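here is the input, now give the coordinates:
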Amino acid sequence: MTETSGVRTPPGCLVVAAAILMIGFAIVVPFAIETSVVGAVWAGDIKKLPYTAAQALLFSLLHPLFLSVLAFGLLIKTARYRAIAQTLLVATGCVVLLLIPRLVFPLDAVYAAGITRIVICILAAIPLLWLALRRGLTFQLPGVAPALLIAAFATIPWIRVGAFGNQLDILLALAQGAALGLLGAGLLGAFLLPAVRASSSGPGWDLLLVGSTLTAALISIGGAFGQDDLQALMMPVLGGIGFAAAAVGLPDRDGRTNLLAPALLIGLVAAMPLAFSDPEEIGLVVALSDDTFKFTQVAASQVLLGGFFLWALLQIIAKRLPTIAPQPIMAALALVGWLAVAGMYATGGKTGFYGNHFFVILKDQANLSQSAQIGDLTERRRFVYKTLVDRADTTQAELRQLLTQRGVEYTPFYLVNGIEVNGDELLRNELARRPEVDRIIFSQNLRPLAEPLPFELSSDTTAPGNPTWNIELIGADRVWSELGVRGEGIVIGQSDSGVDWQHPALHNAYRGKNGD
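Okay, here's the model as predicted:
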């Protein structure tokens, strides 16, 4: 259908159906994929998955049906509906690019993958923003207060359930959020906003078209954004702000648009799960307990369902009736909102930094060979202890002094001449280049949970009849079935926090049961 002489002809049923199919496909399929993958992990069927979530997302967005519908959308002459296809096509290309760090970098390469995502988002946003600016859209400070207020409300769930990593983690999260905000503003401003500004169907219909399209684009991008299982949080979070970002970006009563408001909103809201959650911890707790994973998932769901549709409508009202919410009042409300967020964090949040601990092992290790020549057991122990401690104190002196000057928390060890450091990636790389350091290994320090996990030890639990998935994954079941080796006669040593020697499975064979 065409639009001429300012008279709009309603689009045909085929055009509307194509628009619904494009948006619905981009929303439903990524969520369905993520649900199936997380569900398989919870059920212990991870080894049966023929694909990863990232690969499945890539295959779904390159599905011939989806691409065919997008191609049809590009041929639609109605500008508003053609903008849907253009936006989703560009979003699909961004997803393909954003899957590169997920498929290339290992799970623990958080910083390298994060920097790569920042570069990809900025490079993808530059031509989109250039096109938006050429079409008359602007970046201006006035009018951003509603976006800041919405972002403050979206931060509250993460304060309740999350915790910060180290300072570098926070900076990386903010940088990724800012880059994603620019990309989201570019997707909004390149095609959607110019189309509805040129031919508006009214604030309600404009919001429905722009908001649903941006929501679909952001959900798809969220499925590719983040390492490990972080996409399970990014998808609902980004999907939840689609309508709000569209509302603060829609033209005002004078036809002016402001891309800074949606960029700030998308960037701040996207940065919260990146800053307050640990992708490695999420991957661990998904596999271990849905009770643990619910903390972050509930927070993401609260962002998704936390009243953004209502806020979007309020922004429309505010733009059409400025006397209801003039800019000074909105700015004051935004300031109060963020002050309230800071107060909640200080009084009820997990304050402090929970960074990546790592263990620095020194090259100079104590030589204890002389202890074998000491016959007296007490003297031998004294010699070993003194030798280890003296060597650690001597060789660690410069490192301890450096860490103390930097205000870095650390714990020295002497059994293995090393220091556990609570630092970031920059410090780890710096220490790795020092001549006295042999190697550095991670000592993972998980962030605190919102509440203690429920734990019950039941004696009536029956053993599984068949080998579980983790046994099959390492091939232990083949050792049993093919070699007939099941562990009889093997002595197992244990040096952790203790053992329940009265457990029926251990009691008869436990060597220490008689005080031996």
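
now do the strands in the stretch 401-516 of the chain.
Ranges of strands within the stretch 401-516 of the chain are 409-413, 418-422, 437-442, based on DSSP state E, counting those that start in this stretch.

tell me which of those sits nearest to residue 201.
strand 437-442 (54.5 Å; CB to CB). The C-beta positions use only the backbone N, C-alpha and C, and glycine is treated the same way.

quick check: buried residues in that closest one?
For strand 437-442, burial by neighbour count (16 or more other CB atoms under 10 Å) applies to 437, 440.

now stretch 398-417
Those would be 399, 403, 410, 412, 414, 417, for stretch 398-417 by 16+ other CB under 10 Å.

tell me the contacts of the fifth one?
To tie it back to what came earlier, the one meant is residue 414. By CB atoms under 8 Å, 6 or more residues apart in numbering, residue 414 lies in contact with 388, 389, 391, 392.

please redo it, this time with the cut-off set to 7 Å
Applying CB atoms under 7 Å, 6 or more residues apart in numbering, we find residue 414 in contact with 388, 389, 392.

out of those, which are inside strands?
Among the contacts of residue 414, DSSP state E puts none in strands.

in helices only, show me the residues you listed.
Using DSSP state H, the members of the contacts of residue 414 that fall within helices are 388, 389, 392.

nearest to residue 348, of these?
residue 392 (40.4 Å).

show the pLDDT at the closest one.
Per-residue confidence at residue 392 stands at 94 (pLDDT).

wait, isn't it in contact with residue 412?
Yes - the pair residue 392 and residue 412 qualifies as a contact (CB atoms under 7 Å) at a distance of 6.2 Å.

any idea how far the nearest residue in space to residue 235 that is not next to it in sequence lies from residue 239?
Take residue 235 and drop its neighbours on the chain: the residue closest to it by CB to CB, 6 or more residues apart in numbering is residue 222, 4.0 Å away. Distance of residue 222 to residue 239, computed by CB to CB, to the nearest Å: 7 Å.

and the two? Which one has more around it.
When neighbours are counted by other CB atoms under 10 Å, residue 222 and residue 239 differ, and residue 222 comes out ahead with 29 against 25.

quick one: contacts for the more buried one?
Residue 222 neighbours (CB under 7 Å, 6+ apart): 231, 234, 235, 237, 238, 239.

scan the residues you listed and report the most crowded one.
Neighbour counts for the contacts of residue 222 (other CB under 10 Å) peak at residue 238, which has 30 neighbours.

what is the strand or helix carrying that one packed up against?
Using DSSP states H and E, the element containing residue 238 is helix 231-240. Under the contact criterion of 3 or more CB pairs under 7 Å, 6 or more residues apart in numbering; DSSP states H and E, helix 231-240 touches helix 13-42, helix 203-222, helix 260-276, helix 290-305.

which is the next helix or strand following that helix?
By DSSP H and E, the next helix or strand past helix 231-240 is helix 242-249.

and that following helix with helix 203-222, angle?
Helix 242-249 and helix 203-222 are oriented at 120 degrees to each other (axes from the mean of the first three to the mean of the last three CA atoms, to 10 degrees).

now helix 242-249: mean pLDDT?
Taken as a whole, helix 242-249 has a mean pLDDT of 85.

what's the angle from that helix to helix 231-240?
Per the same axes, to 10 degrees, the angle that helix 242-249 makes with helix 231-240 is 40 degrees.

buried residues of helix 242-249, list them for me.
If you call a residue buried by 16+ other CB under 10 Å, then helix 242-249 has these buried ones: 242, 243, 244, 245, 246, 247, 248, 249.

same check, this time on stretch 131-142
132, 135, 137, 139.

closest to residue 123 out of these?
Distance to residue 123 across the buried residues of stretch 131-142 (CB to CB) is lowest for residue 132, with 15.8 Å.

surely the closest one and residue 259 touch.
Yes - applying CB under 7 Å, one finds residue 132 in contact with residue 259, separated by 6.3 Å.

chain center to stretch 194-209: distance?
Chain-centre distance of stretch 194-209: 33 Å, with CA atoms, centre = their mean, to the nearest Å.

got it, and stretch 430-441?
Averaged C-alpha coordinates place stretch 430-441 at 30 Å from its chain's average position (CA atoms, centre = their mean).

and what of stretch 466-474?
With CA atoms, centre = their mean, you get 29 Å for stretch 466-474.

distance between the ends of it?
Start-to-end span of stretch 466-474 (CA to CA, to the nearest Å) is 15 Å.

average pLDDT for that stretch, rounded please.
For stretch 466-474, the mean per-residue pLDDT is 81.

relative to the centre of the chain, find the outermost residue for me.
Distance from the C-alpha centroid of the chain peaks at residue 375, with 57.6 Å (CA atoms, centre = their mean).

do you know the pLDDT at that one?
Note on residue 375: pLDDT of 85.

please, which helix or strand holds it?
Going by DSSP H and E, residue 375 is not in any helix or strand.

from residue 383, how far out is it?
To residue 383, residue 375 is 12 Å away according to CB to CB.

check residue 327 too.
As judged by CB to CB, residue 327 and residue 383 stand 76 Å apart.

one more: residue 101?
Using CB to CB, residue 101 is found at 52 Å from residue 383.

neighbour count: these two, which is higher?
Between residue 101 and residue 383, counted using other CB under 10 Å, the more crowded position is residue 101 (22 against 16).

which residues touch that one?
By CB under 7 Å, 6+ apart, the contact set of residue 101 is 113, 116, 117.

count of residues packed around the second one?
Summarising burial for residue 116: neighbours were counted as other CB under 10 Å, giving 18.

what do you get for the one 10 residues further on?
By other CB under 10 Å, 13 other residues sit near residue 126.

ok, now residue 448?
Around residue 448 there are 11 other residues, counting by other CB under 10 Å.

hang on, it packs against residue 164?
No - counting by CB under 7 Å, residue 448 does not reach residue 164; the two are 10.6 Å apart.

identify each buried residue in stretch 363-374, please.
When neighbours are counted by 16+ other CB under 10 Å, the buried residues of stretch 363-374 are found to be residue 366.

now do the same end-to-end measure for it.
26 Å.

now do it: distance to the chain's middle.
47 Å.

again, but for stretch 412-425
What separates the centre of stretch 412-425 from the centre of its chain is 28 Å, taken as CA atoms, centre = their mean.

what's the answer for stretch 380-400, then?
Worked out by CA atoms, centre = their mean, stretch 380-400 lies 42 Å from the chain centre.
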